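In: What would the 3D arrangement of this be:
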Amino acid sequence: MNPLDSLGLAHPIIQAPMAGVSTPDMAAAVSEAGALGSIGVGAVDAEGALEMIAAVRARTERPFNVNLFVHAPAQSKPEVEAQWLAALEPLFAQFGGAPPASLREIYRSFAEDDAMLAMLAETRPAVVSFHFGLPEPWRVATLKAAGCILLASVTSLAEAHAARAVGIDMLVAQGFEAGGHRGAFDPDAPDDRLGTVALTRLLVAQVGLPVIAAGGIMDGRGIRAALDLGAVAAQLGTAFIGCPESSADAAYRAALFSPAAAHTDMTRVISGRPARCLPNRFVGWGAETALTPPDYPIAYDAGKALNQLAKAHGEGGYGAQWAGQGAPLARALRAADLIAKLAAEMRAA
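Out: Below is the predicted model of the structure:
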């Protein structure tokens with residue numbers, strides 16, 4: 001049984017909730033076009049998430065997905081953080097600034113956010129998805145009792161079996177090609193770096209839950225290929241960055257439609273967790289330094305401060321410019337037009 005059937009979607013397409021890219025406008029436009037729009041609320045508190053949900057509902061009556069971060073709470077490591085800030089001093093200095101005096105955990109994990117859980121149980125979004133890990137079973141049960149369909153990003157068979165054990169309804173098979181943060185539950189554990197094709201087939205064959213393929217999928221032929229692998233839908237993120245409804249800034253869009261798109265890199269330098277992005281000045285600096293960044297999202301506190309300072313001086317090369325390996329196939333279309341194009345390409349395939 002495919003839980004998405006109950007949503008009345010016209011197309012087996014899910015817009016990935018890439019933080020820093022997805023917006024209520026985009027989610028609503030995608031859902032209105034017959035696919036499943038998404039918003040990422042992992043970077044805001046319950047009040048901010050409620051405002052985003054309300055903003056989507058003001059634009060559409062169609063179902064949409066609300067995505068949460070379920071990372072292990074960060075462990076403060078004063079010596080590591082001090083070394084990190086010292087190493088960043090020259091980068092800040094070139095723009096006449098200085099790094100923060102100290103770093104803080106800027107995002108609260110859903111694993112310990114009771115206010116977020118209560119808000120979601122009350123507002124009852126049609127779909128709730130998890131990244132970086134799984135909530136405790138009682139949190140899962142609370143959301144299921146509210147009528148939410150639950151999705152979890154997984155990068156391995158072991159994570160998939162864990163998701164099924166706590167009551168997750170559907171799996172998002174995040175291949176190593178995918179842009180944005182790697183969804184591995186433990187970022188420090190060995191990573192087999194399974195690609196979308198292999199991971200999707202493994203999950204379809206061995207786990208017994210509906211699978212959504214994600215990673216490197218940019219067009220209708222890619223979606224059709226995912227369905228042929230046994231997936232019930234495909235999740236696309238990088239494909240939507242070029243849409244005018246996304247929150248990507250001018251530097252991000254320029255990089256996406258440049259030769260840099262062919263050379264995405266997996267890095268921890270921006271946030272402290274592995275994430276695939278376009279090559280830029282910050283990523284290059286991270287490749288040169290041998291330092292290990294602080295825990296996610298403590299490291300992100302410094303990265304965001306540096307990007308804000310650099311942008312104020314006209315430099316856009318220090319931001320989180322997430323993109324998957326299919327980035328050279330990106331198109332600058334309105335979200336509704338992109339969905340129509342993807343659907344037509346699926347039919348043609």
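
In: And the strands in the stretch 201-349 of the chain?
Out: Under the criterion DSSP state E, counting those that start in this stretch, the stretch 201-349 of the chain contains strands at 211-214, 233-236, 265-267, 275-277.

In: To clarify, my last question referred to the stretch 51-200 of the chain.
Out: So, for the stretch 51-200 of the chain - with DSSP E, counting those that start in this stretch - the strands run 64-69, 127-131, 149-154, 170-174, 180-181.

In: Can you tell me what sits against stretch 264-271?
Out: Stretch 264-271 has contacts (CB atoms under 8 Å, 6 or more residues apart in numbering) with 176, 179, 181-182, 187, 274-279, 282-283, 285-287, 289, 292-293, 296-297, 299-300, 303, 320, 323-325, 327. Placement of C-beta: from N, CA and C, glycine included.

In: Just checking the distance from that stretch to the centre of its chain.
Out: Here stretch 264-271 is found 14 Å from its chain centre; the criterion is CA atoms, centre = their mean, to the nearest Å.

In: Would you mark the buried spots in that stretch?
Out: Using 16 or more other CB atoms under 10 Å as the test for burial, stretch 264-271 gives Thr264, Asp265, Thr267, Arg268, Val269, Ile270, Ser271.

In: Next: stretch 231-249.
Out: Neighbour counts over stretch 231-249 (16+ other CB under 10 Å) mark 231-243, 245-246, 248 as buried.

In: Ok, stretch 214-233 next?
Out: Using 16+ other CB under 10 Å as the burial criterion, the residues of stretch 214-233 that qualify are 214-220, 222-227, 229, 231-233.

In: ditto for stretch 297-315
Out: Buried residues in stretch 297-315, counting neighbours by 16+ other CB under 10 Å, are found at 297-307, 309-311, 315.

In: Select from those every entry located in helices.
Out: 298-307, 309-311 (DSSP state H).

In: In the stretch 151-300 of the chain, where is pLDDT below threshold?
Out: For the stretch 151-300 of the chain, no stretch has pLDDT under 70.

In: And the helices in it?
Out: Per DSSP state H, counting those that start in this stretch, the stretch 151-300 of the chain carries helices over the ranges 157-166, 196-206, 220-228, 250-256, 281-288, 298-312.

In: could you dump those to a markdown table with distance to Val41?
Out: What follows is these, written out as a markdown table (distance: least, CB to CB, whole Å):
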| stretch | distance to Val41 |
| --- | --- |
| helix 157-166 | 20 |
| helix 196-206 | 25 |
| helix 220-228 | 26 |
| helix 250-256 | 21 |
| helix 281-288 | 25 |
| helix 298-312 | 16 |
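
In: nearest to Pro12, of these?
Out: Pro12 lies closest to helix 220-228 among those, at 6.5 Å (CB to CB).

In: What distance do you get for the residue lying closest to Val154 once chain neighbours are set aside to Phe130?
Out: Among residues not flanking Val154 along the chain, Ala160 sits closest, at 4.6 Å (CB to CB, 6 or more residues apart in numbering). To Phe130, Ala160 is 13 Å away according to CB to CB, to the nearest Å.

In: In stretch 276-294, which residues are buried?
Out: Here stretch 276-294 shows Arg276, Cys277, Leu278, Pro279, Asn280, Arg281, Phe282, Val283, Trp285, Gly286, Pro293, Pro294 as buried, counting by 16+ other CB under 10 Å.

In: Compute the first-to-last residue distance for it.
Out: Its first and final residues considered, stretch 276-294 spans 18 Å by CA to CA, to the nearest Å.

In: quick check, distance from that stretch to the centre of its chain.
Out: In terms of CA atoms, centre = their mean, the centre of stretch 276-294 is set 19 Å apart from its chain centre.

In: which residues sit in contact with the nearest residue to Ala214 once chain neighbours are set aside?
Out: Spatial nearest neighbour of Ala214, chain neighbours left out: Gln235 (3.9 Å); criterion: CB to CB, 6+ apart. Gln235 is in contact with Ile14, Gln15, Ala16, Val172, Ile212, Ala213, Ala214, Ile217, counting by CB under 8 Å, 6+ apart.

In: so Gln235 bridges to which residues?
Out: Ile14, Ala214 (DSSP bridges).

In: Rebuild the buried residues of stretch 264-271 as a markdown table, extending it with distance to Ile168.
Out: Output for the buried residues of stretch 264-271, formatted as a markdown table (distance: CB to CB, whole Å):
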| residue | distance to Ile168 |
| --- | --- |
| Thr264 | 28 |
| Asp265 | 30 |
| Thr267 | 28 |
| Arg268 | 27 |
| Val269 | 31 |
| Ile270 | 28 |
| Ser271 | 24 |
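
In: tell me which of the residues you listed is nearest to Glu89?
Out: Glu89 lies nearest to Val269 out of the buried residues of stretch 264-271, by CB to CB, at 15.3 Å.

In: and the closest one, how far is that from Ala82?
Out: To Ala82, Val269 is 17 Å away according to CB to CB.

In: Equivalent analysis for Pro297, please.
Out: Going from Pro297 to Ala82 by CB to CB gives 18 Å.

In: now Gln75
Out: 15 Å.
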